[in-house]
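Student: Return atomic coordinates for the entry below.
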Amino acid sequence: MPRSFPLDRIRNIAIIAHIDAGKTTVTERMLYHTGRTYKIGEVDEGTAVMDWMEEERRRGITITAAATTCYWQDHRINIIDTPGHVDFTAEVERSLRVLDGGVVVFDAVAGVEAQSETVWRQADRYGVPRICFINKMDRIGANFDRTLSMIEGRLHAKPLPVQLPLGSEASYDGIIDLVENKAWRFEGSPDSPPAEVAIPESERARYTQFRQALIDKLAESDDQIMAAYLEGSGITPSELRQALRRVTLAAKGVPIVCGSALRNKGIRPLLDAIISYLPSPVDMPPVRAIDTKVGGEVTRPARDDAPFSALAFKVVSDPFVGRLVYFRVYSGRVKAGAQVFNSTRGKRERIGRLLRMHANHREEVTEADTGAIVATLGLKNTFTGDTLCHSSQSVLLEPIRFPEPVLAVAVEPKTRADQDKLGEALNRLTEEDPTFKVNYDHETGQTVISGMGELHLEFLVSRLLSEFGVGAKVGKPKVAYKETITLPTQVEGRFIRQTGGHGQYGHVFIRLEPMERGSGFQFVGRVKGGALPKQYILAAEMGIKEAMETGVVAGYPVVDIKAILYDGSYHEVDSSEIAFKMAGSIALRDGVIKAKPILLEPIMRLEIVAPEQFLGDIMGDLNSRRGHIESIGAHDEMSVIHALIPLAESFGYATTLRSLTQGRATHSLEFYHYQELPAELADQITGKAMVR
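Tutor: Now for the predicted structure:
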């Protein structure tokens, strides 16, 4: 069966950048100029096609990656418009994992910003060839040369300008094409194509300098251009384009174009550059996979006649059609209604309807072939990062790795009816977002949700309340402190009640000893001579354990102690298991109070990667948070700080770190151990407990 579209004419690309660089505006203009939309959507007016969620339109930012398809010069361009805020970096991660190329958008005024560095490193990690679009050339303070310098200095890339701006700021109205040796001016109407003009005499010297520099840089990385350069023969525009493509695909250089998306300037040349320089699926190396039957590595070439393999990279709960799973086909083809094998879960699945997505609009297709990015209905057991393949040739593609969440808040349902709705809503949100975690803390009785930052959690909570209609209270999670003892002690536990008829009699002698951190609880029965029956010993142990759960000093669990039951007495008639359970509980409470109890707090291991210039501010802030710096190292131009910080002091740290470092630092937190809480802070907590 013939392909629906030639494979070498498909471009799967992501639009990536720092927040407010103009990604969505660039995408909206591309859709308009390719005829995909008939009206230009505006982010500020809430009419952008790609920002279709209510929260996105209200805030004026992209929150979730949206997919669409357009056509330009007999090529199909599959586009994913990604968020720019660091809290939603997982959307960039999953998009770059399944795409072949990227367009990195820079603000001509700000240049390379914090999230620009992050998305650039993500693209490096996945080996994604990219081109750069220097946007907002008409803004006051726009500086093309400075942005080039920042791309080279901060990103350690080799910029290859293929265009120069004609004018700058308010006078910006065109480009000089260094490849075609032409100049173009942009007309006022968005529907008017660029008008070819002569290169102004005032720009001749600059044009000559930049074109020669472009040839020199290409000669360093491309043998064919080097040969033509040494022979002194002229290099044609076609040869330059081919060399630029080879260098881009080899990740040895990055073509640079410029424009002003808001004013519809530079969009058509950008589309030309996407076609000319970014790869098709056949230009990429065959995808590597693990053969699940024999365990060795295999490859899957980008061909329709190869065995089917695809990667699910996004799950969405669509309010109209249900659970949508987005996937990228790496090899082979699949039809609607076909049975596939989820090799990650070891389960068979049936493909339902196949949909080509245009933001939140759907276009039904009957088949998805190699290179396609589609969504499907009917996959009940497939999640983000799962591999779909042919059951007879099962392979496992490399999954998508997501960062661990760093910030948490507590969510409590308002009513019993909200309890069930909350559980269902949280399950659906965790399916959609791999960086969203849900834990039920049995010690505090709270449902704690974790995410990548305050904006991320704010957005998720907003969806809980509005989209899922859950009535809930949101607040800070309580820190799960622990209690323990510091001295050994001996204590007597007596529970004696006299009532009409049978009374209650339980009597134990217990020795409590402190243990090492993290040891938990140990019970030892050393009663000699049959002083107590076995069932009473077990009952006393149960009483001790129950008392430990509710704590003694401030209501937190008691940990890291050994309880030795060495003696006791019982009554033939009045003793019972309940009485000995109460006696064990009383002994534990009295013993903890006598054994100089302390509170323990959870300590987190913190790793920070930040530019060296911010080192002093970060260390000062860590000291103010009772942090302990273990080591400081260097990685390229970045400092790597390893520290320990109390969990109670880590709330809001993501926001503080961004403000201290202009958003250029990243960090990760993980639990390390429990250690003693300083006495003055312990007094505050025990004081609050007594007030309660």
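Student: Nearest the middle, which residue of this structure would you pick?
Tutor: With distances taken as Cα atoms, centre = their mean, A90 lies nearest the centre of the chain, 2.8 Å away.
Student: helix or strand for the closest residue to that one other than its chain neighbours, which one?
Tutor: Leaving out its chain neighbours, the residue that sits closest to A90 by Cβ to Cβ, 6 or more residues apart in numbering is T435, at 4.4 Å. From N, CA and C alone the C-beta is placed, and that goes for glycine too. T435 belongs to no helix or strand when assigned by DSSP states H and E.
Student: again with E492
Tutor: E492 belongs to strand 489-497, assigned by DSSP H and E.
Student: G22 contacts D107, correct?
Tutor: Yes: counting by Cβ atoms under 8 Å, D107 is a contact partner of G22 at 7.0 Å.
Student: could you give the mean pLDDT of stretch 664-679?
Tutor: Here stretch 664-679 scores 81 as its mean pLDDT.
Student: anything in contact with each of G22 and D107?
Tutor: Residues touching both G22 and D107 comprise 135-136, with contact defined as Cβ atoms under 8 Å, 6 or more residues apart in numbering.
Student: just how off-centre is the top helix by length along the chain within its chain?
Tutor: Ranked by residue count, the top helix of the chain under DSSP state H comes out as helix 201-221. Remark: helix 201-221 is offset 40 Å from the chain centroid, using Cα atoms, centre = their mean, to the nearest Å.
Student: how about that helix: buried residues?
Tutor: 203, 207, 210-211, 214-215, 217-219, 221 (16 or more other Cβ atoms under 10 Å).
Student: which residues of the stretch 501-650 of the chain score low on pLDDT?
Tutor: 501, 635-636 (pLDDT under 70).
Student: contacting residues around the residue nearest to G332 when sequence neighbours are not counted?
Tutor: Spatial nearest neighbour of G332, excluding adjacent residues (Cβ to Cβ, 6+ apart): F308 at 3.3 Å. When contacts are counted by Cβ under 8 Å, 6+ apart, F308 touches 329, 331-334, 340, 388-390.
Student: what about 6 Å?
Tutor: By Cβ atoms under 6 Å, 6 or more residues apart in numbering, the contact set of F308 is 332, 334, 389-390.
Student: Let me know the pLDDT of it.
Tutor: Model confidence at F308 (pLDDT) stands at 93.
Student: ok, then the element right after the least confident helix or strand in the chain by mean pLDDT?
Tutor: The helix or strand of the chain with the poorest confidence is helix 54-59; it has a mean of 54 (mean pLDDT, DSSP states H and E). For helix 54-59, the following helix or strand on the C-terminal side (DSSP H and E) is strand 66-72.
Student: got a list of contacts for the helix or strand just after the strand holding E492?
Tutor: Moving toward the C-terminus from strand 489-497, the next helix or strand (DSSP H and E) is strand 504-514. Outside strand 504-514, the residues that touch it by Cβ under 6 Å, 6+ apart are 485-486, 488-497, 540, 561-569, 571, 574-575, 579-580, 582-583, 587, 591, 595.
Student: gap between strand 504-514 and the chain center?
Tutor: 51 Å.
Student: buried ones in it?
Tutor: Quick answer for strand 504-514 (16+ other Cβ under 10 Å): 504-514.
Student: got those residues as a markdown table, with distance to L644 columns?
Tutor: Listed next are these as a markdown table, based on distance: Cβ to Cβ, whole Å:
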| residue | distance to L644 |
| --- | --- |
| Q504 | 48 |
| Y505 | 50 |
| G506 | 44 |
| H507 | 45 |
| V508 | 40 |
| F509 | 40 |
| I510 | 35 |
| R511 | 34 |
| L512 | 29 |
| E513 | 27 |
| P514 | 22 |
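Student: On the pLDDT front, check the residue nearest to V461 when sequence neighbours are not counted for me.
Tutor: Spatial nearest neighbour of V461, chain neighbours left out: V474 (5.4 Å); criterion: Cβ to Cβ, 6+ apart. Note for V474: predicted pLDDT of 82.
Student: CA-only coordinates of the host helix or strand of V474 in CSV, if you can.
Tutor: If you go by DSSP H and E, V474 is part of strand 472-475. Coordinates of each C-alpha in strand 472-475 appear next as CSV, following Å, rounded to 0.1, in the frame of the first residue of the first chain:
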residue,chain,number,x,y,z
ALA,A,472,-10.8,20.6,48.4
LYS,A,473,-8.7,22.6,50.9
VAL,A,474,-5.0,23.1,49.9
GLY,A,475,-2.2,23.9,52.3
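Student: elements contacting that strand?
Tutor: strand 407-413 (3 or more Cβ pairs under 6 Å, 6 or more residues apart in numbering; DSSP states H and E).
Student: Just the C-alphas of the strand it packs on, formatted as PDB.
Tutor: Output of strand 407-413 as PDB, limited to C-alpha atoms (Å, rounded to 0.1, in the frame of the first residue of the first chain):
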ATOM      1  CA  LEU A 407       7.700  20.800  45.900                       C
ATOM      2  CA  ALA A 408       4.700  19.400  47.700                       C
ATOM      3  CA  VAL A 409       1.400  20.600  49.200                       C
ATOM      4  CA  ALA A 410      -1.400  18.800  51.100                       C
ATOM      5  CA  VAL A 411      -4.900  18.400  49.600                       C
ATOM      6  CA  GLU A 412      -7.900  17.500  51.800                       C
ATOM      7  CA  PRO A 413     -11.400  16.900  50.500                       C
END
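Student: In it, which residues are buried?
Tutor: 407-411, 413.
Student: now stretch 602-621
Tutor: In stretch 602-621, counting by 16+ other Cβ under 10 Å, buried: 602-604, 606, 608-611, 614, 617-619, 621.
Student: Sitting in helices, which of those do you find?
Tutor: 617-619, 621.
Student: just curious, which of the residues you listed is nearest to R125?
Tutor: Proximity of those to R125 was ranked by Cβ to Cβ; the top entry is I618 with 24.6 Å.
Student: Using CSV, list the CA coordinates for stretch 223-240.
Tutor: Listed next in CSV are the C-alpha coordinates belonging to stretch 223-240 (Å, rounded to 0.1, in the frame of the first residue of the first chain):
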residue,chain,number,x,y,z
ASP,A,223,34.9,18.3,3.6
GLN,A,224,33.1,19.2,0.4
ILE,A,225,33.0,22.9,1.2
MET,A,226,36.7,22.7,2.4
ALA,A,227,37.7,21.2,-1.0
ALA,A,228,35.8,23.9,-2.9
TYR,A,229,37.3,26.6,-0.6
LEU,A,230,40.9,25.3,-1.1
GLU,A,231,40.4,25.1,-4.9
GLY,A,232,39.2,28.7,-4.9
SER,A,233,36.1,27.8,-7.0
GLY,A,234,32.9,29.6,-6.3
ILE,A,235,30.4,28.0,-4.0
THR,A,236,26.8,28.0,-5.3
PRO,A,237,23.7,28.6,-3.1
SER,A,238,22.7,25.0,-3.6
GLU,A,239,26.1,23.8,-2.4
LEU,A,240,25.9,26.1,0.6
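Student: as a whole number, average confidence for that stretch?
Tutor: For stretch 223-240, the per-residue pLDDT averages 82.
Student: Give me the contact list for that stretch.
Tutor: Contacts of stretch 223-240 (Cβ under 6 Å, 6+ apart): 179-180, 218-219, 243.
Student: Report the two of the buried residues of stretch 602-621 separated the most.
Tutor: P602 and P611 (29.6 Å).
Student: Good, wrapping up.
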